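Colleague: Got a sequence here, can you model it:
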Amino acid sequence: MSITEDLAEKLLEELNCETVFTIPIFGGIPIAESVVVTWIIMAALTLLSIILVRNLKVENPGKKQLALEMTIGGIYNFFEDLVGEEGKRYIPYLISVAIYIGVANLIGLVGFKPPTKDLNATAALAIMSILLVEYSGLHKKGVKGFVKGFAEPLPLLAPMNVLELFIRPLSLCMRLFGNVLGSFVVMELLKQLVAPIVPIPFTCYFDIFDGLIQAYVFVFLTALFIREAVE
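Modeller: Numbers count the residues shown, from 1 in each chain. Coordinates of the predicted model:
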């Protein structure tokens, strides 16, 4: 089998999202592997949150609490600078999505298939984020101001502004999915063309650093869209 055929076979295998089980209601609802892995991530993060917030103190906090407060405070301040005062109410969502995507991209290191390799998962994240962006604009400006915004800066651009409603989620979805899949293709090519020991540094980059970068880019763009909508 040639390198190209082997890569194509592995790529198809990676894109194949298997059905783990089916819920026997409404004629059967298939539950994909990406959904099950997402449930595992949710359970792990929930358990970790419970452990980290136990025994919090107002006075004389311990080192664990100080480190936790510093980390969360730093992340919160980062997003506050992005979304501004008017977008502060959406920071918890941005932090949650950032943590989820970061963990989802890294979970392949422990043997699970990252949910972000499923186009349905990345599309769902993009749609949720864009719906939040549009809601933030509607909440801030009201229906009249929201609709009027499509005619800014010129009424002639209204069709383009409406089209942007569909372009933004598609852009977020394909950027996240494409970069995650692209890192897999690069790593497979390296494994095929060079000695097995050489790709290790690249694994650290594509599986760890690049995965975290994709989480950052996704929430960074979402935060900028929210700021634009509320201002």
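Colleague: And for residue 209, the neighbour number?
Modeller: 11 (other Cβ atoms under 10 Å). Using the backbone N, CA and C atoms, a C-beta is placed for each residue, glycine as well.
Colleague: Same check on residue 94?
Modeller: So residue 94, with other Cβ under 10 Å, has 24 neighbours.
Colleague: Which secondary structure element is home to it?
Modeller: Using DSSP states H and E, residue 94 maps to helix 91-106.
Colleague: ok, residues contacting that helix?
Modeller: Helix 91-106 has contacts (Cβ atoms under 8 Å, 6 or more residues apart in numbering) with 37-38, 41, 44-45, 72, 75-76, 79-80, 83, 114-116, 121, 125, 128-129, 132, 176, 180, 207-208, 210-212, 214-216, 218-219, 222-223, 226.
Colleague: Give me the buried subset of those.
Modeller: Buried by 16 or more other Cβ atoms under 10 Å: 37-38, 41, 79, 83, 114-116, 121, 125, 129, 132, 176, 180, 207, 210-211, 214-215, 218-219, 222-223, 226, out of the contacts of helix 91-106.
Colleague: And the residue lying closest to residue 157 once chain neighbours are set aside, how far from residue 24?
Modeller: Leaving aside its chain neighbours, residue 157 sits nearest to residue 151 (7.5 Å; criterion: Cβ to Cβ, 6 or more residues apart in numbering). Distance, residue 151 to residue 24, by Cβ to Cβ, to the nearest Å: 50 Å.
Colleague: Give me the more crowded residue out of these two.
Modeller: Each of residue 151 and residue 24 has its neighbours counted (other Cβ under 10 Å); residue 151 has more, 12 against 8.
Colleague: Tell me the helix or strand right after the helix holding residue 94.
Modeller: Heading C-terminal from helix 91-106, the first helix or strand you meet, by DSSP H and E, is helix 119-148.
Colleague: Can you spell out which helices and strands pack onto that next one?
Modeller: Helices and strands touching helix 119-148, by 3 or more Cβ pairs under 8 Å, 6 or more residues apart in numbering; DSSP states H and E, are helix 33-52, helix 91-106, helix 158-193, helix 210-230.
Colleague: Identify each buried residue in that helix, please.
Modeller: 119, 121-126, 129-130, 132-134, 136-137, 141, 146.
Colleague: for stretch 173-185, same thing?
Modeller: 173, 175, 176, 177, 179, 180, 181, 183, 184.
Colleague: Would you mind checking the average pLDDT for the helix holding residue 94?
Modeller: For helix 91-106, the mean pLDDT works out to 91.
Colleague: So that it lines up with my notes, have the first residue be 733 from now on.
Modeller: Fine by me, first position is 733 from now on; the one you just mentioned is helix 823-838.
Colleague: Residue 955 is in contact with residue 819, correct?
Modeller: Yes - using Cβ atoms under 8 Å, residue 819 is in contact with residue 955, at 7.3 Å.
Colleague: low pLDDT regions in the chain?
Modeller: Of all residues in the chain, those with pLDDT under 70 make up the ranges 733-749, 752-753, 758, 916, 919-920, 922-939.
Colleague: Let's see that with 80 instead.
Modeller: Across the chain, the ranges flagged by pLDDT under 80 are 733-761, 787-793, 843, 878-890, 893, 897-898, 909-943, 963.
Colleague: centroid residue for it?
Modeller: residue 833 (3.8 Å; Cα atoms, centre = their mean).
Colleague: Export the helices and strands packed on helix 851-880 as TSV, with columns for distance to residue 796.
Modeller: Compiled in TSV, these are given as follows (distance: least, Cβ to Cβ, whole Å):
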stretch	distance to residue 796
helix 765-784	7
helix 823-838	18
helix 890-925	32
helix 942-962	23
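Colleague: Looking at those helices, which is nearest to residue 800?
Modeller: Checking these against residue 800 by Cβ to Cβ gives helix 765-784 as the closest, at 5.7 Å.
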